[in-house]
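Engineer: here are the coordinates; sequence isn't available:
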């Protein structure tokens, strides 16, 4: 069974930084895209950043220049470095990945349980 486990969420002051991590575990053959989404109270879940195995990245306009996504493919882990945080970045951040896994080698999309990021003074 595949699991995505996030860590790194916290309360931080405006202008501060955080680094989120997400590790995939289980019987994994390969991972294609890995990324981060977020959902603020009363809003829909939105894409923050995504990275393919080859290193191609895509960012939401609202985080460009402030957030950086990276991956350690050997560890099946994706990171999100968040700098210059703003109150509007407050949300639950979810890890997402397309993973080929299991005894039958099934390709599925997986979600983590989420980690809370709160930006407030």
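Structural biologist: Cool, got the structure. Being a predicted model, the structure only gives us computed values, none of them experimental. Numbers count the residues shown, from 1 in each chain.

Engineer: Spit out the contact partners of residue 24.
Structural biologist: 2, 3, 4, 31, 34, 76, 77, 97, 99, 110 (CB atoms under 8 Å, 6 or more residues apart in numbering). The way it works is simple: take the backbone N, C-alpha and C, and place the C-beta from them, glycine included.

Engineer: next one: residue 106
Structural biologist: residue 100.

Engineer: For the residue nearest the centre of the chain, give me phi and psi.
Structural biologist: By CA atoms, centre = their mean, the mean C-alpha position of the chain lies nearest to residue 36, the distance being 2.8 Å. Residue 36 adopts backbone torsions of phi -130, psi 140, taken as degrees, to the nearest 10.

Engineer: Please report how far it lies from residue 22.
Structural biologist: Using CB to CB, to the nearest Å, residue 36 is found at 8 Å from residue 22.

Engineer: Give the residues shared as contacts by these two.
Structural biologist: The contact lists of residue 36 and residue 22 share 78, 95, where a contact means CB under 8 Å, 6+ apart.

Engineer: thinking again about what came up before, any quick PyMOL command for the buried ones out of the contacts of residue 24?
Structural biologist: The buried residues among these can be selected in PyMOL (16 or more other CB atoms under 10 Å) with this line:
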select buried, resi 2+4+31+34+76+77+97+99+110
